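*Asks:* A structural model of the following input is requested.
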Amino acid sequence: MASTDTTAVKDGNDLAGLEAGLDALETVQQTRKPFRQTFREKVLPPLTAIALVLAVWQALVSFEVVDDPSKLPSPGAVWDVVRQAWLEGELLGYIWTSVSRGLLGFFFALLIGTPLGLLVARVKFVRAAIGPILSGLQSLPSVAWVPPAVIWLGLNNQMMYAVILLGAVPSIANGLVSGVDQVPPLFLRAGRTMGATGLKGTWHIVLPAALPGYVAGLKQGWAFSWRSLMAAEIIASFPDLGVGLGQLLENGRNASDMAMVFEAILLILIVGIAIDLLIFSPLERWVLRSRGLLVKG
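*Replies:* Residues are numbered from 1 along each chain as shown. A predicted model of the protein is given here:
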């Protein structure tokens, strides 16, 4: 009897040790990385890339690789134009005009594309009817919508928002459709067993499970929104619309001022990167972390 009790105690200790080991594996170590390590891993690589690009750019100018120096301004010349716009109080106005339009248009695209994507994903007749159209619209260049939008709506902000919607809605809807298609059938059956059907099942089962594909669609939708807006601002310029980044780029072309052209290009690039880093990258990390695919450092 004593031997049996000893064996039982030993087995219990083994199970407790196994559980403790598994808990330790699943426990995320909330230790803050040293600043030096963070700087080396996160800050130094992009700074190195920027320095390399600037060095190559300056070398091209210094060695006069381009026949006409006016076609390739130096980094210093572009910086002077940016600094002048800042001192005159115009730089933030250029950025805000475009960013406010882009974000508001993307918000409207989100309101339209989300229910449309759910409808296409969940209703077979709707998918057969407009699914191929959505895919075709996604591959259509956004700039193609600018001329008809100008004819239909005129040179105003409504035209800008229409172009953004036509560029972003198909990407958001198709991203959600792709996410819903990847939801395991077991999740849906489990939801029905627990009474999660109809709108309740969509809200509590389908949408959370389809979140990775949906976020990818949102990210692509913003890229299409930003590109569509830049195309609209470049082609449909009008004084009452204000000067956004696309209009700034067109003004530089009309004036044959390559420093202004490069200023506009760099600002468009910086805004696109900033929106991705501030909004979509944290959202993407949150989705991955919630599924155990990304561990906090």
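*Asks:* From the centroid of this structure, which residue is nearest?
*Replies:* Lys219 (3.1 Å; CA atoms, centre = their mean).
*Asks:* Does that residue lie in a helix or a strand, and which?
*Replies:* helix 211-235 (DSSP states H and E).
*Asks:* And Ile273, by the same measure?
*Replies:* helix 258-275.
*Asks:* how about the nearest residue to the residue nearest to the centre of the chain, chain neighbours excluded?
*Replies:* Using CB to CB, 6 or more residues apart in numbering and skipping residues adjacent in sequence, the residue nearest Lys219 is Phe280, 4.7 Å away. C-beta: built from backbone N, CA, C; applies to glycine.
*Asks:* before we move on, the earlier item: right, and the helix or strand after the helix holding Lys219?
*Replies:* helix 245-254.
*Asks:* Just want the angle from the host helix or strand of Trp286 to helix 258-275.
*Replies:* Secondary structure from DSSP H and E places Trp286 in helix 281-290. Using axes from the mean of the first three to the mean of the last three CA atoms, to 10 degrees, the direction of helix 281-290 lies 30 degrees away from that of helix 258-275.
*Asks:* Number the chain from 358, please
*Replies:* With the count now opening at 358, the last piece we talked about shows up as helix 638-647.
*Asks:* Just to check, Gly609 is in contact with Val618?
*Replies:* Yes - in this structure Gly609 lies within contact range of Val618 using CB atoms under 8 Å: 3.8 Å.
*Asks:* where does the stretch 358-507 of the chain dip in pLDDT?
*Replies:* 358-389, 392, 396 (pLDDT under 70).
*Asks:* all helices for it, in order.
*Replies:* Assignment of helices within the stretch 358-507 of the chain using DSSP state H, counting those that start in this stretch yields the ranges 359-383, 392-395, 401-419, 432-444, 448-479, 481-496, 503-510.
*Asks:* Could you list the buried residues of the longest one?
*Replies:* By neighbour count with 16 or more other CB atoms under 10 Å, helix 448-479 contains the buried residues 448, 451-452, 454-456, 458-460, 462-463, 465-467, 470-471, 473-475, 477-478.
*Asks:* other SSEs contacting that helix?
*Replies:* helix 432-444, helix 481-496, helix 514-538, helix 568-592, helix 602-611, helix 615-632 (3 or more CB pairs under 8 Å, 6 or more residues apart in numbering; DSSP states H and E).
*Asks:* go with 6 Å
*Replies:* In this structure, helix 448-479 packs against helix 481-496, helix 514-538, helix 568-592, helix 602-611, with contacts taken as 3 or more CB pairs under 6 Å, 6 or more residues apart in numbering; DSSP states H and E.
*Asks:* okay, the ones you listed in CSV with distance to Pro391 next?
*Replies:* Output for the helices and strands packed on helix 448-479, formatted as CSV (distance: least, CB to CB, whole Å):
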stretch, distance to Pro391
helix 481-496, 44
helix 514-538, 38
helix 568-592, 31
helix 602-611, 38
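*Asks:* Please identify which of the ones you listed is closest to Val439.
*Replies:* helix 602-611 (11.0 Å; CB to CB).
*Asks:* contacts for the closest one?
*Replies:* With contact meaning CB atoms under 6 Å, 6 or more residues apart in numbering, helix 602-611 is reached by Tyr451, Ser455, Met587, Glu590, Ile591, Ser594, Met617, Val618, Ala621, Leu624, Ile625.
*Asks:* pLDDT of that helix, averaged?
*Replies:* Across helix 602-611, the average pLDDT comes to 91.
*Asks:* for that helix, which positions count as buried?
*Replies:* Quick answer for helix 602-611 (16+ other CB under 10 Å): Leu602, Gly603, Gln604, Leu605, Leu606, Glu607, Gly609.
*Asks:* I'd like to check the angle between that helix and helix 568-592, please.
*Replies:* Using the same axes, to 10 degrees: helix 602-611 against helix 568-592 is 40 degrees.
*Asks:* related to what we said a few turns ago, which other helices and strands does the helix holding Trp643 contact?
*Replies:* Of the remaining helices and strands, those touching helix 638-647 by 3+ CB pairs under 6 Å, 6+ apart are helix 568-592.
*Asks:* buried ones in the helix it packs on?
*Replies:* 568-591.
*Asks:* circling back: what about the helix holding Lys576, average pLDDT?
*Replies:* For helix 568-592, the mean per-residue pLDDT is 90.
*Asks:* now it, how far from the centre of its chain.
*Replies:* A distance of 7 Å separates the centroid of the chain from that of helix 568-592, by CA atoms, centre = their mean, to the nearest Å.
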